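Novice: Give me the fold of what follows.
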Amino acid sequence: MKHFHYYVEQRNLIARSDVSSYFAPAWCTSLEKSVLWIGGCRPSAYFRLIHTISGLKIESQLADFLSGKITGDLGDLTWQQIQKVDELQRKTIKEERELSSSMAELQQKFMDLPLAAIPLEEDGHAKEAVEAHGKVMAGILEAADQLRLEMVVGIIRILSPPLAAGKKLQLCMREWGRKIDLDHGRN
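Specialist: Okay, here's the model as predicted:
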């Protein structure tokens, strides 16, 4: 977790000087870019993953589950764990909605600027407006990264053993995205 926390801190420091690159990263495939949410993974996606994996595990081990055998995987979540995951999911979705709303409001404010007149201005107003927009974007990115970090910490505290499936999903998305990009002639 220390590494992830450090990554988030460093990313936010860099974003303060060049935030736009995090919203359409050159290192991501087209598929990955299409599912980005405020510069990264939507935290609630991990909850869908937990529900799917635990449901599949229960189905595949139904006989063991009904006999009370414990296998130590996501199919063995206790009622308390399920409640805590649900509580964390509700909190995360509420905060996602607030951040999405802030981002939409920021985009609207930026587009409401008299954009056609900006290239004609020579007083630096356009540069100031773009810089101010970037600072607010960086703040929203920082809040989204904090939400992602809190969600991961929360899940690790709730689940035993820690969920590694999220990383697997990310790697699969990268591979699928690379294949799609190659099929469409994009490098």
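Novice: what about S20, how many residues close to it?
Specialist: 14 (other C-beta atoms under 10 Å). Using the backbone N, CA and C atoms, a C-beta is placed for each residue, glycine as well.
Novice: Ok, H184 next?
Specialist: H184 has 8 nearby residues by other C-beta under 10 Å.
Novice: Per-residue confidence, it, what does it come out as?
Specialist: pLDDT, H184: 83.
Novice: contacting residues for T29?
Specialist: T29 sits next to 173-174, 176-178, 180-181 when contact means C-beta atoms under 8 Å, 6 or more residues apart in numbering.
Novice: can you do 6 Å?
Specialist: 177-178, 181 (C-beta atoms under 6 Å, 6 or more residues apart in numbering).
Novice: how close does the residue positioned nearest the centre of the chain get to G154?
Specialist: For the chain, the residue nearest the mean C-alpha position is C41 (2.1 Å; C-alpha atoms, centre = their mean). With the distance defined as C-beta to C-beta, to the nearest Å, C41 ends up 15 Å from G154.
Novice: how about the helices in the protein?
Specialist: With DSSP state H as the criterion, the chain has helices at 2-15, 20-23, 30-34, 44-60, 62-66, 79-112, 125-158, 165-183.
Novice: Out of the contacts of T29, which is nearest to G134?
Specialist: G177 (26.8 Å; C-beta to C-beta).
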